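Novice: Generate coordinates for the sequence data below:
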Amino acid sequence: MCRNIKPLRKLEPPASEEDFHLAALQYVRKVSNYRQPSKRNQPAFDQAVAEIAAATRRLLEQIE
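Specialist: Purely as a prediction, here's the structure:
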């Protein structure tokens, strides 16, 4: 689905906050079909990116 998202697990050096943000941004762009949302939709878009980045970080912290 999102071919541009690189794997973040087992990176050396470990994935950064920017890596999490960029992966989440690519995902939200893909599923919303927006490259750049309208001003009206920007808050929802930004919130989704932040939540997905946080969930991704938690996932990678918890798996072995």
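Novice: Any idea which residue is closest to the centre of the protein?
Specialist: Residue closest to the average C-alpha location in the chain (Cα atoms, centre = their mean): residue 24, at 1.0 Å.
Novice: can you list contacts of the helix ranked longest in the chain?
Specialist: In the chain, taking DSSP state H as the definition, the longest helix is helix 42-62. Residues from elsewhere that reach helix 42-62 (Cβ atoms under 8 Å, 6 or more residues apart in numbering): 8-9, 15, 17, 20-21, 23-25, 27-28, 32, 34, 37. To be clear about C-beta, it is placed using only N, CA and C from the backbone, and glycine gets the same treatment.
Novice: ok, back up a step: tilt between the helix or strand where the residue nearest to the centre of the chain lies and helix 42-62?
Specialist: Using DSSP states H and E, residue 24 maps to helix 17-32. Going by axes from the mean of the first three to the mean of the last three Cα atoms, to 10 degrees, helix 17-32 is angled at 120 degrees with respect to helix 42-62.
Novice: How far does helix 17-32 sit from its chain's centre?
Specialist: Taking the mean of its C-alpha atoms, helix 17-32 sits 3 Å from the chain's own mean (Cα atoms, centre = their mean, to the nearest Å).
Novice: For that helix, give me every contacting residue.
Specialist: Helix 17-32 is contacted by residues 1-2, 4-6, 8, 11, 34-35, 45, 48-50, 52-54, 56-57 when judged by Cβ under 8 Å, 6+ apart.
Novice: Check which residues of that helix are buried.
Specialist: When burial is assessed from 16 or more other Cβ atoms under 10 Å, helix 17-32 yields the following buried residues: 19, 20, 21, 22, 23, 24, 25, 26, 27, 28, 29.
Novice: Quick one: end-to-end distance for stretch 32-40.
Specialist: Its first and final residues considered, stretch 32-40 spans 14 Å by Cα to Cα, to the nearest Å.
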